[in-house]
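Novice: Please work out how this folds:
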Amino acid sequence: MKETPPATSAAAKSTAKKTAKAAKTVKAAKTVKSAKTAEKAVAKAPAAKKTAAAAKKAVAKKAPAKKAAPAKKAPARKPESRVAMVRRARRINHELAELYPYAHPELDFTNPFELLVATVLSAQTTDLRVNQTTPRLFAVCPTPEDMAAMEPERLEELIRPTGFFRAKTKSLLGLSAALRDRFGGEVPGRLEDLVTLPGVGRKTANVVLGNAFGVPGITVDTHFGRLARRFGWTTAEDAEKVEADVAEIFPKSEWTMLSHRVVFHGRRVCHSRKPACGACAIAPLCPAYGEGETDPEKAKKLLKYELGGQPGQRLKPPADYPGQPAPPMAAP
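Specialist: Here you go, the predicted model:
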């Protein structure tokens with residue numbers, strides 16, 4: 001067997017060393033390169049986050065805004081024939097008659113002149129305020145002749161609590177003088193004559209005719225007009241047109257008491273801003289049901305006057321009135 005020469009053996013060892021060194025160098029280079037790559041990735045991370053945030057904002061701007069849910073509307077009224085409307089209207093009148101068998105004019109009076117004056121004073125105020133004011137007024141001037149002779153300043157002071165006292169004083173002095181000079185100091189019993197008096201329109205004339213003379217008439221005040229529209233009896237806003245529309249639905253014999261019943265219901269239950277629908281006896285017949293509070297317990301708290309356990313508007317109500325009389329005006 002031949003032996004390997006010593007020189008050859010040394011060369012092999014030298015080559016192995018070089019190879020190992022080269023391998024270490026390559027490994028170190030890879031490590032350095034990997035570290036640099038990691039550093040670059042870390043440096044780029046915040047920018048990537050910013051880019052992602054910007055992208056989200058851009059998407060948010062492009063995305064259409066969500067629309068607010070539309071407000072709920074009251075259910076549309078179903079079409080109703082004229083015959084069906086008239087039949088329903090008369091049922092409402094019948095139900096109101098059972099609910100308010102004691103319905104009456106809510107102004108205190110003992111004769112046509114007092115009712116005429118009280119009705120003129122009731123404009124832009126409550127019947128309660130008028131009833132609290134008229135006892136002192138009629139104690140001073142019980143007749144048209146007495147009132148016509150009064151000093152304007154004195155009359156203004158007597159009726160001041162009813163509001164608009166200067167305009168009302170002018171009307172009262174004018175109508176009192178007209179009654180004295182043209183009608184012998186008596187209130188006329190005809191619509192044509194009443195509406196010629198200062199401050200007297202169809203509403204006031206119908207109140208006087210229906211309650212002092214027994215002549216049927218429809219009194220269209222704010223309450224009556226509101227309920228007539230809610231009940232679907234008319235769409236008119238003008239008082240005379242409302243009167244004409246309603247007059248075609250009901251027999252003439254019902255006009256005066258119909259007026260009282262509707263006004264009673266408007267003051268006690270079917271209020272302007274928040275009707276007590278949940279406590280309304282004629283809710284099944286009303287096409288406007290749902291415009292107000294429908295919860296029975298909450299609606300019950302909205303009832304006024306005798307239905308709500310409170311005093312009425314008259315200081316001297318009729319004997320069959322189930323509520324309490326109103327209190328007189330407090331002393332100044």
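Novice: Look up how far residue 308 lies from the most centrally placed residue in the chain.
Specialist: The centroid of the chain falls nearest to residue 273 when counting by C-alpha atoms, centre = their mean (2.4 Å). With the distance defined as C-beta to C-beta, to the nearest Å, residue 273 ends up 16 Å from residue 308. (C-beta placed from N, C-alpha, C; glycine too.)
Novice: can you check residue 296 too?
Specialist: Taken as C-beta to C-beta, the span from residue 296 to residue 308 is 14 Å.
Novice: Of those two, give the one with the bigger neighbour count.
Specialist: Remark: of residue 296 and residue 308, residue 308 carries more neighbours, 15 against 12, as counted by other C-beta atoms under 10 Å.
Novice: Would you confirm that the more buried one contacts residue 271?
Specialist: No: with contacts counted by C-beta atoms under 8 Å, residue 308 stays clear of residue 271, the gap being 11.2 Å.
Novice: okay, and the common contacts of these two?
Specialist: residue 302 (C-beta atoms under 8 Å, 6 or more residues apart in numbering).
Novice: Might you list the low-confidence residue ranges for the stretch 1-150 of the chain?
Specialist: 1-78 (pLDDT under 70).
Novice: Swap in 50 and give it another go.
Specialist: Scanning the stretch 1-150 of the chain for pLDDT under 50 picks out the ranges 1-16, 19-20, 22-23, 25-52, 55-56, 58-74.
Novice: I'd like the distance between the residue nearest to residue 189 when sequence neighbours are not counted and residue 175.
Specialist: Once flanking residues are discounted, residue 189 sits nearest to residue 213: 4.5 Å by C-beta to C-beta, 6 or more residues apart in numbering. Look at residue 213 and residue 175: by C-beta to C-beta, they are 17 Å apart.
Novice: Between the two, which is the more surrounded one?
Specialist: Shown here are residue 213 and residue 175; by other C-beta under 10 Å, residue 175 has more neighbours (25 against 15).
Novice: Is that one within a helix or a strand, and which one?
Specialist: In the assignment (DSSP states H and E), residue 175 maps to helix 165-182.
Novice: what is the mean pLDDT for that helix?
Specialist: Taken as a whole, helix 165-182 has an average pLDDT of 98.
Novice: again with stretch 263-275
Specialist: 97.
Novice: What residues sit buried inside it?
Specialist: By 16 or more other C-beta atoms under 10 Å, the buried positions in stretch 263-275 come out as 263-271, 275.
Novice: go on, stretch 120-132?
Specialist: Using 16+ other C-beta under 10 Å as the burial criterion, the residues of stretch 120-132 that qualify are 120-123, 127-132.
Novice: Just the terminal-to-terminal distance for it.
Specialist: Start-to-end span of stretch 120-132 (C-alpha to C-alpha, to the nearest Å) is 15 Å.
Novice: Ok, stretch 314-325 next?
Specialist: 6 Å.
Novice: again with stretch 189-203
Specialist: One end of stretch 189-203 to the other measures 14 Å (C-alpha to C-alpha).
Novice: Can you name the residues that contact residue 155?
Specialist: 141, 147, 169, 172-173.
Novice: Show me the two of these that sit farthest apart.
Specialist: 141 and 169 (11.8 Å; C-beta to C-beta).
Novice: Let me see the confidence value for the residue lying closest to residue 200 once chain neighbours are set aside.
Specialist: In this structure, residue 200 finds its nearest non-sequential neighbour in residue 194, 5.4 Å apart by C-beta to C-beta, 6+ apart. Looking at residue 194, its pLDDT is 98.
Novice: How about residue 280?
Specialist: For residue 280, the pLDDT comes out at 98.
Novice: Could you count how many residues lie near it?
Specialist: Residue 280: 24 neighbours (other C-beta under 10 Å).
Novice: show me the contacts for the closest residue to it other than its chain neighbours.
Specialist: Spatially, and ignoring its direct neighbours in sequence, residue 280 is nearest to residue 269 (5.3 Å; C-beta to C-beta, 6+ apart). By C-beta under 8 Å, 6+ apart, the residues touching residue 269 are 275-276, 279-280, 302-303, 307.
Novice: Phi and psi next, for residue 269.
Specialist: Phi and psi for residue 269, reported as degrees, to the nearest 10, are phi -130, psi -60.
Novice: what does residue 302 give?
Specialist: Torsion angles, degrees, to the nearest 10, at residue 302: phi -90, psi -10.
Novice: Surely it is in contact with residue 294?
Specialist: No: checked against C-beta under 8 Å, the pair residue 302 and residue 294 is beyond contact range at 11.3 Å.
Novice: and these two? which has more neighbours close in?
Specialist: Neighbour count, other C-beta under 10 Å: between residue 302 and residue 294, residue 302 has more, with 20 against 16.
Novice: Nice, that's everything, thank you.
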